[in-house]
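Peer 1: I would like the atomic coordinates for the input below:
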Amino acid sequence: AHFGRLYIDKKGRPGLPTRLMVGLHLLQHAKGLSDEAVCAAWLENPYFQYFCGATYFQHKLPLDRSSMTRWRKRAGADDLEKILAETLAAAQRAKAVEPKAFERVTVDSTAQTKAVAHPTDSGLYMRAIEWMNRFADRHGLALRQSFMRLAKRCRVQVARQIHSRAHKQALREVRRMRTFTGRLLRDIVRKIGENLQLQEAFKPVADPIFKLLAQTTNSKKKIYALHAPEVECIAKGKARTRYEFGTKASFAVINAKSKKGSDRVQGQYVVGARACPNLPYDGHTLKDQIKQVERLTGTKVKRAYVDQGYRGHGVTETEVYISRARGITSPTIKRELKRRSAIEPVIGHMKADGKLERNWLAGAHGDAVNVLLVAAGHNIRLLLNWLKSFCAFVMALSMAVTKTKNYADYSQLAA
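Peer 2: Below you'll find the predicted structure:
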């Protein structure tokens with residue numbers, strides 16, 4: 001019912017079932033697969049087919065891989081929040097999590113890295129030259145000079161010299177590549193002239209290149225990938241990774257401790273996930289994150305636990321406790337504040353088991369969509385693990401009852 005408005009009757013190719021599309025995306029992010037891999041797994045796995053609504057085993061895919069891309073574009077991040085909300089509702093129906101667990105959450109942010117090459121000046125200039133030569137060949141523009149041979153030679157020299165004693169020579173080669181890029185760009189602009197059709201076709205290619213040539217060391221908004229201008233540089237301060245290139249993402253998980261038992265919490269469920277473009281301060285994202293948690297769970301958040309990066313958040317409707325805070329007398333809050341760091345392994349699992357570590361979806365729209373689907377996939381993994389343990393408990397109980405009954409029958413026969 002929620003996704004029904006995305007389909008139009010009696011126009012174009014018939015739409016695919018919503019259960020099939022949602023099920024494929026849940027399986028994809030629960031297993032950490034690509035679009036092609038999840039379609040191949042669906043074709044050979046009867047459990048996947050049954051999960052997606054098939055009534056009999058099928059030997060042919062009912063869709064093309066590109067249908068998943070088009071469906072994500074039609075749905076958008078606002079509609080895909082419904083999938084994350086449904087995973088939480090399914091956990092409640094299965095008694096895997098109690099509704100009161102949503103009242104206390106832990107919030108933290110991380111970097112969602114984009115599937116781009118590590119940005120270097122020589123690499124960006126080389127890619128710009130390749131783009132412009134491809135555009136000229138496609139539209140039949142005769143260039144004065146392509147600069148492909150010279151640019152390749154300069155890039156080889158940069159790779160050899162940039163980390164050696166010949167650092168100044170490497171920077172000189174980078175400046176040459178910048179000159180080649182500017183000359184080629186001006187040549188194409190002259191050849192296009194007043195042709196409005198070519199101007200419109202060249203605009204997506206020229207805009208990021210103009211920004212690339214105009215940026216300096218102190219520029220605030222830099223281009224780190226020509227095909228993904230939304231990529232941002234996030235300074236992490238880690239010894240192994242000083243900088244990460246992508247988009248900041250905010251996550252909220254339940255604070256309750258995972259315990260064994262059919263009526264207890266069985267994992268740190270993700271109750272909120274948002275992409276935060278333009279590198280906002282962590283404290284400025286907390287208010288919207290709490291609102292999303294309340295919107296998805298239907299429960300008022302009473303307490304939120306955050307790290308020291310959220311100081312100055314300005315949230316007044318919810319009690320917010322920052323790690324290493326002093327003067328807390330309540331033993332309950334002290335105990336729950338110690339649980340704040342439990343969100344770190346959750347983010348690690350979403351990066352290792354999910355697709356948070358490397359986002360392959362294009363544009364800012366893909367950043368927002370991937371964050372939500374990664375969170376939904378994590379919840380599905382937790383729910384499947386809980387169902388496995390619950391089934392094992394039922395089987396053990398059944399075997400114990402059978403064994404007791406057989407012992408009673410044997411005792412009666414002996415008597």
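Peer 1: The stretch 1-150 of the chain: strands as residue ranges?
Peer 2: Using DSSP state E, counting those that start in this stretch, the strands of the stretch 1-150 of the chain run over 104-113.
Peer 1: now do the stretch 201-350 of the chain
Peer 2: Counting by DSSP E, counting those that start in this stretch, the strands of the stretch 201-350 of the chain are 232-235, 243-254, 270-276, 303-306, 319-322.
Peer 1: Out of those strands, which is closest to residue 71?
Peer 2: Proximity to residue 71 (C-beta to C-beta) singles out strand 270-276 among these, at 18.8 Å. (Each C-beta comes from the backbone N, C-alpha and C, glycine too.)
Peer 1: Give me the packing partners of the closest one, helices and strands only.
Peer 2: Packed against strand 270-276 by the contact rule (3 or more C-beta pairs under 8 Å, 6 or more residues apart in numbering; DSSP states H and E) you find helix 65-93, strand 104-113, strand 243-254, helix 282-297, helix 363-414.
Peer 1: what's it in contact with?
Peer 2: For strand 270-276, the external contacting residues (C-beta atoms under 8 Å, 6 or more residues apart in numbering) are 77, 84, 88, 102, 105, 107, 109, 112, 247-254, 285, 288-290, 292-293, 296-297, 346, 350, 364, 367-368, 370-372, 374-375, 378-379.
Peer 1: Describe which strands it pairs with in its sheet and in which direction.
Peer 2: Paired with strand 270-276 in the same sheet, following DSSP bridges, are strand 243-254 (antiparallel).
Peer 1: buried ones in the partner strand?
Peer 2: Buried residues in strand 243-254, counted by 16 or more other C-beta atoms under 10 Å: 244-254.
Peer 1: Rounded mean pLDDT for it, please.
Peer 2: Strand 243-254 shows a mean pLDDT of 93.
Peer 1: Tell me what angle that strand forms with helix 363-414.
Peer 2: 40 degrees (axes from the mean of the first three to the mean of the last three C-alpha atoms, to 10 degrees).
Peer 1: Now do strand 243-254 against helix 65-93, angle only.
Peer 2: Using the same axes, to 10 degrees, strand 243-254 lies at 30 degrees relative to helix 65-93.
Peer 1: Just the C-alphas of strand 243-254, formatted as PDB.
Peer 2: In PDB, the C-alpha atoms belonging to strand 243-254 read as follows (Å, rounded to 0.1, in the frame of the first residue of the first chain):
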ATOM      1  CA  TYR A 243      41.000  10.900   5.600                       C
ATOM      2  CA  GLU A 244      37.900   9.200   4.200                       C
ATOM      3  CA  PHE A 245      36.000  10.300   1.200                       C
ATOM      4  CA  GLY A 246      32.300  10.000   1.100                       C
ATOM      5  CA  THR A 247      29.400  11.300   3.200                       C
ATOM      6  CA  LYS A 248      28.800  11.500   6.900                       C
ATOM      7  CA  ALA A 249      26.100   9.100   8.200                       C
ATOM      8  CA  SER A 250      24.300   9.200  11.500                       C
ATOM      9  CA  PHE A 251      22.900   6.000  13.300                       C
ATOM     10  CA  ALA A 252      20.800   5.400  16.300                       C
ATOM     11  CA  VAL A 253      20.600   2.000  18.100                       C
ATOM     12  CA  ILE A 254      18.800   0.800  21.200                       C
END
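Peer 1: any idea of the angle it forms with helix 282-297?
Peer 2: 40 degrees.
Peer 1: Okay, now the unreliable bits of this protein?
Peer 2: 258-266, 403-415 (pLDDT under 70).
Peer 1: What are the structural domain limits within it?
Peer 2: 16-70, 75-116+230-385, 121-214 (the TED database).
Peer 1: Need those in JSON lines (columns: distance to residue 393).
Peer 2: Output for those, formatted as JSON lines (distance: least, C-beta to C-beta, whole Å):
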{"stretch": "domain 16-70", "distance to residue 393": "21"}
{"stretch": "domain 75-116+230-385", "distance to residue 393": "7"}
{"stretch": "domain 121-214", "distance to residue 393": "55"}
